[in-house]
Each structure stands twice: as C-alpha cells, then as structure tokens.
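Participant: here's my sequence, what's the structure:
(one chain, ligands or ions: 3)
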Amino acid sequence: MEPILRKTSRASLLQLLFFLLSITQLFNLTKSSTEIISRFQQYLRINTAQPYPNYSQSTQFIVSQAKTLGLESETIEFVKGKPVVLLKWPGKTPNLPSILLNSHTDVVPAEHHKWVHPPFQAHLDQDGNLFARGSQDMKCVGLQYLEAIRGLKESGFKPDRTVYLSFVPDEEIGGHDGAERFAESDKFQSMNVGIVLDEGLASPDENYRVFYAERCPWWLVIKATGAPGHGSKLYDNSAMENLLKSIESIRRFRAAQFDMVKAGLKAEGEVVSVNMVFLKAGTPSPTEGVEGHLSLGFVMNLQPSEAEAGFDIRVPPTTDPEYLEKRLAEEWAPSSRNMTFQLGQFKHKVPVHDKFGKPAVTATDNSNPWYSLLEEAVKKADGKVGKPEIFPASTDARYFRHRGLPAIGFSPMANTPILLHDHNEFLNQAEYLKGIKIYESIIKTYASFIGYSRDEESRAEL
Ligand SMILES: *[C@@H]1O[C@H](CO)[C@@H](O)[C@H](O)[C@H]1NC(C)=O
Ligand SMILES: *[C@@H]1O[C@H](CO)[C@@H](O)[C@H](O)[C@H]1NC(C)=O
Ligand SMILES: [Zn+2]
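Facilitator: Numbers count the residues shown, from 1 in each chain. Ligands and ions are numbered 1, 2, ... in the order given. So this is what the prediction gives:
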C-alpha cells in the first residue's frame, strides 16, 4: 500500500501544480485579452467620423502604440491636416520587396439616436459584442495588425522582409488626399512594396472573404432635349419621352444583370450594377405661392424642353469598358435622340484598367504567390477562406492595384453580420482576438517568404 499511496500523493501534487500553472496561464491570457480589447476600445472611442475626423487624436494614439512596440514611425501630411501614419518593422533582408498593411483611420458618420449603444463609446455587451462605428470598417483591422506584431515580437520572430503599416485618412470620402497621394508619392516608391493588404468585408458564415479586385464607380448623367409643347398635345421627341426611352433601355440592362445574380450565375461584384439616383426635369411654377393658383411647384400644362437623370454605375474590372461605353453612346444616350451624356460629373470615372493598360485585378492563381501564401497562412491558424471575390464598392486598394501591385482585401470577421456603414455596427471580441491570430500567421508567412519571383524582380526594376 505504502508505495502506491506515495505515488498517488505525488501524482496529486503534480496535478495540483499543473492546475496552478494552467490557472496562471489562463489568468495571463485573460489579462492580455483584456488589455487587447481595452486598446481596441481606446481606438474606437476616438471620433474620426467624416466630415470632421479628429486625426490628431488618432495619429497620437497610433504613434504611441508604435512606440510601445518599438516600431519606427513617421507622420506624413501630403495634404495639410490629413496625416498618413507610416510604421516600419525593418526586415533582415531589406532589399526584398516589402509588405504593406494598409488601413484607413476615418469612419462614416453615425446617427446616434438610432444606436442601442452610443457609436463612440465602444460598449462591450454581455455576449462580448463591441458596439462602435469603425468596429468592422476598419479600425479592427488596423489594430489587429499591431496586436499581431506585438504577438510576433513577443515570440521572438524577426521578419526577413520589411513590414510597413500605413494608417491613411479620408478613405470614406474617396481617399484622394490619403491613399491616392500616398501611392503616387516618392516615399511609396522608395518603400519597394511587393504586396498590399487592405480591407475586406465581414462574412455571415464561417468562411473569411477575400477580395482580389473591385468594381469601379462610373457616375453617369444623361440629358435629353426636345421641343417644348403644350401639356395636352401628343407629339414625338419631347425631352421627357426621349429620356424615358433611355431609362427603359437602362432598366432592361439592369434587370438582365440582376437576373444573373438572382440565378446564382454571377456574384454581386461580377456584374455591372446600375441604379438611378436622381431625376431632374420640369418647369418650376413662377406663380408658386400666389393666391388662387394650384401650388404643385411645377407648371403642369407644359412639356419641358430638357430632362436629366443620374446613375450610379459600378463596373467590374473584368468588363470591357469600350463595350459599355459603346452601349451608352448607342442605346442609353444616343445623339440620334438628341441625348448627351456625361460620365463622372462629380467624381472622375475610375478606370477599369491599371496604368499599364491591364485589368486592375490581383491574380489568385499560381502566378501570384501572395494569394496562395495567404490561403495557407489562414488555414494554418484554423481559419477558412471562401472563393475570392470582386469587392462590390470601392476601397483604397484600387490605388495600389492601379500601380500594378497585387493588393488583397481581407478583414478577418467570420460569423459576423455585415454592418459597415449601418446602425449598431459591432464585432464580437472573440472574433477580433481570433483575427489577431490569423494576422500573426499571415504576417509571419509573408515576412519569411524569401522566394523571389521573376515577376517581383521586374517590378522592383520599374
Ligand atoms: C481632437 O482631440 C484632441 C485630443 O483629445 C482634442 O484636444 C481636440 O479638441 C479634438 N479636436 C476637435 C476638433 O474636436
Ligand atoms: C432633335 O432636335 C432637333 C432640333 O431641335 C429636332 O428637329 C429633332 O426632331 C430632334 N430629334 C429627336 C429624335 O428628338
Ligand atoms: Zn472601409
């Protein structure tokens, strides 16, 4: 009996030791998780909503984080008051093309009264959901990059390639004073970037979404002119009739594109979307408000001589732009029907091709090692990646793709409803923490990839 007893007590002592150890470990883990979430909350509480983002506060925060991580930092104002915060983790082999982790610091405005929790309070509810404007788009990603680097540094990892992080302003208003200026700068050129990671979208299922291209906005205004006439007269070629013929034709095209999505033949980002966003026609009533006159705002017995309509069109880079423009000129706004058209009256028409004349698309086949490396890295961290998609709207990634660089849109948020720009935007803290592990894996894989493809070499020579 005696030896057995001794054995048992030794065993239980060991058990107790293990128990204590795991408790400490668990405690440390929860402690560090709490700190990670608290840093995320700090960032979310900075009000960087357009049109008056507080960039001085976000810059201060990011630079202070960089300091605690021992990263080099530089704040560049290509446009005054619009800081690009650039952080650098130097690699052991600095002549290899670098990795750029991009995120924007601004967020869209929020209608405070429509939120369950105030949008800049970063309230954490009982289910672990963090409510804040920017929790999905995209302060999560910006800070996950930093937390991942913290984790990698703590583990003693040293990158071969240099890793840059850019925190850019104004993405939500087009990125012209932010990512666009940055991508065109000498500074960017000197960074010798080989791959860019930028934002994606949340995924309601278990697969993370990955984006290799995005649709280009074409804002179109068509204008019809025609002889004016009495409201009672039936005659051909009035401005209204001419405009309506165009609208009918555009609507048929829209329906055909939408049908392909409904039938599951194409994804949302793979079709041309066309939505009418304004109609402008009619002759304002000069007697408006004069007693004894009908107050409808418009002269009712007159067919006007001009009519206009505006459309938000989104064109996938896989579409032949010449084909679409021909259609526009021949069917949607034909001069034979006295129609004129303007593309991009407010914003320039975003070109479908990059500056080398190729579709602005990042390859997802084996011509692009960065794509398969990302897939692999996500898998290694227990994540799943869905079929690569075309982003339905615009992101800053287009400015990097325009330079012929590969750029991948990726925000690791699975099992999460898509709430960007919506009320009650939130992200679950467990999902956020998991995303950090995913980025640790990606950054580690990317930064230790030393295979130097011919493609990269030729780009580096540009
Ligand atoms: C931005 O944040 C800083 C730091 O909290 C504050 O001092 C400043 O007043 C804010 N600026 C605006 C315009 O709200
Ligand atoms: C175009 O405008 C001209 C000049 O106003 C007019 O004679 C012609 O009938 C119009 N054609 C159509 C198709 O509207
Ligand atoms: Zn965004």
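Participant: quick check, the residue in the stretch 251-400 of the chain closest to ligand 1?
Facilitator: With Cβ to the nearest ligand atom as the measure, D396 is the residue of the stretch 251-400 of the chain nearest to ligand 1, at 23.3 Å. Where C-beta positions appear, they are placed from N, C-alpha and C, glycine not excepted.
Participant: ugh, typo on my part, it should be the stretch 151-300 of the chain
Facilitator: Counting by Cβ to the nearest ligand atom, the stretch 151-300 of the chain gets nearest to ligand 1 through P169 (13.8 Å).
Participant: contacting residues around that residue?
Facilitator: Neighbouring residues of P169 by Cβ atoms under 8 Å, 6 or more residues apart in numbering: P53, Y55, K82, P83, V84, H104, T105, D106, D177, G178.
Participant: so which of these also contact ligand 2?
Facilitator: With Cβ under 6 Å from any ligand atom as the criterion, no member of these is in contact with ligand 2.
Participant: just those residues: which are in strands?
Facilitator: K82, P83, V84, H104 (DSSP state E).
Participant: can you lay out the residues you listed as a markdown table showing pLDDT and neighbour count?
Facilitator: Formatted as a markdown table, these follow (pLDDT from 0 to 100; neighbours: other Cβ atoms under 10 Å):
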| residue | pLDDT | neighbour count |
| --- | --- | --- |
| K82 | 98 | 19 |
| P83 | 98 | 23 |
| V84 | 98 | 27 |
| H104 | 98 | 27 |
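Participant: out of those, who's near ligand 3?
Facilitator: Applying Cβ under 5 Å from the ion to the ones in strands among the contacts of P169, one finds that nothing falls near ligand 3.
Participant: and the contacts of stretch 276-285?
Facilitator: Judged by Cβ under 8 Å, 6+ apart, the contacts made with stretch 276-285 from elsewhere in the structure are 239-240, 243, 247, 250, 293, 295-299, 302, 304, 306-312.
Participant: 10 Å instead, please
Facilitator: Taking contacts as Cβ atoms under 10 Å, 6 or more residues apart in numbering, the residues outside stretch 276-285 that touch it are 219-221, 223-224, 228, 239-240, 243, 247, 250-251, 254, 293-312.
Participant: quick one: contacts for K444?
Facilitator: Per Cβ under 10 Å, 6+ apart, neighbours of K444: A148, G151, L152, S155, F157, P159, A377, K380, A381.
Participant: so F188, which of the three states?
Facilitator: Using DSSP: H, G, I helix; E, B strand; the rest coil, the three-state assignment for F188 comes out as helix.
Participant: quick check: the residue of the stretch 351-462 of the chain nearest ligand 1.
Facilitator: E425 (21.4 Å).
Participant: number of residues surrounding that residue?
Facilitator: By the measure other Cβ atoms under 10 Å, the count of residues near E425 is 25.
Participant: quick check, the residue in the stretch 351-462 of the chain closest to ligand 2?
Facilitator: At 31.1 Å from ligand 2, V352 is the closest residue in the stretch 351-462 of the chain, using Cβ to the nearest ligand atom.
Participant: that residue touches W218, doesn't it?
Facilitator: Yes: applying Cβ atoms under 10 Å as the test, V352 and W218 come out as touching, 8.9 Å apart.
Participant: can you list residues touching both of the two?
Facilitator: The contact sets of V352 and W218 overlap at V315, P321, L324 (Cβ under 10 Å, 6+ apart).
Participant: thinking again about what came up before, neighbour count winner among V352 and W218?
Facilitator: W218 (24 against 21).
Participant: check which helix or strand covers that one.
Facilitator: Secondary structure from DSSP states H and E places W218 in strand 216-225.
Participant: for the protein, what lies in contact range of ligand 2?
Facilitator: Neighbours of ligand 2 within the chain, by Cβ under 6 Å from any ligand atom: G226, A227, N237, N242, R337, N338.
Participant: ok, now with 5 Å
Facilitator: Among all residues of the chain, those adjacent to ligand 2 (criterion: Cβ under 5 Å from any ligand atom) are N237, R337, N338.
Participant: how many residues are close by the nearest residue to the first one once chain neighbours are set aside?
Facilitator: Okay, so that is N237. Counting by Cβ to Cβ, 6 or more residues apart in numbering, the nearest residue to N237 once its immediate chain neighbours are dropped is G226, at 4.9 Å. Neighbour count for G226, taken as other Cβ under 10 Å: 22.
Participant: ok, now R45?
Facilitator: Counted with other Cβ under 10 Å, the neighbours of R45 add up to 15.
Participant: picking that back up, partners of the strand holding W218, with directions?
Facilitator: Applying DSSP bridges, strand 216-225 is found paired with strand 306-315 (antiparallel), strand 339-343 (antiparallel).
Participant: K82 contacts P53, doesn't it?
Facilitator: Yes: with contacts counted by Cβ under 10 Å, K82 reaches P53, the gap being 9.0 Å.
Participant: if I look at those two, which residues touch both of them?
Facilitator: Common contact partners of K82 and P53 (Cβ under 10 Å, 6+ apart): T105, D106, P169, D170.
Participant: for those, pick the one with the most neighbours.
Facilitator: By neighbour count, taken as other Cβ under 10 Å, the most surrounded of those turns out to be T105 (31 neighbours).
Participant: domains of the chain?
Facilitator: 28-214+353-461, 216-315+318-343 (automatic domain parsing).
Participant: for those, which one ends up most surrounded?
Facilitator: Per-stretch averages of neighbours, counted by mean count of other Cβ atoms under 10 Å, single out domain 28-214+353-461 among those, with a mean of 19.
Participant: still on that earlier bit, least reliable of the strands paired with strand 216-225 going by mean pLDDT?
Facilitator: Taking each of the strands paired with strand 216-225 in turn, the one with the lowest mean pLDDT is strand 339-343, at a mean of 91.
Participant: what helix or strand does the closest residue to ligand 3 within the chain sit in?
Facilitator: Distances between the chain and ligand 3 by Cβ to the ion are smallest at D137, namely 4.1 Å. Using DSSP H and E, D137 is not contained in any helix or strand.
Participant: residues contacting it?
Facilitator: When contacts are counted by Cβ under 10 Å, 6+ apart, D137 touches 103-104, 106-108, 171-172, 199, 201-202, 395, 411, 413, 418-422, 425, 427.
Participant: quick one: E325 is in a helix?
Facilitator: Yes: counting by three-state DSSP, one finds E325 located in a helix.
Participant: and the gap between it and N242?
Facilitator: 20 Å (Cβ to Cβ, to the nearest Å).
Participant: can you tell me the residue of the stretch 51-200 of the chain closest to ligand 2?
Facilitator: Taking Cβ to the nearest ligand atom as the measure, the stretch 51-200 of the chain has G174 as its residue closest to ligand 2, at 36.4 Å.
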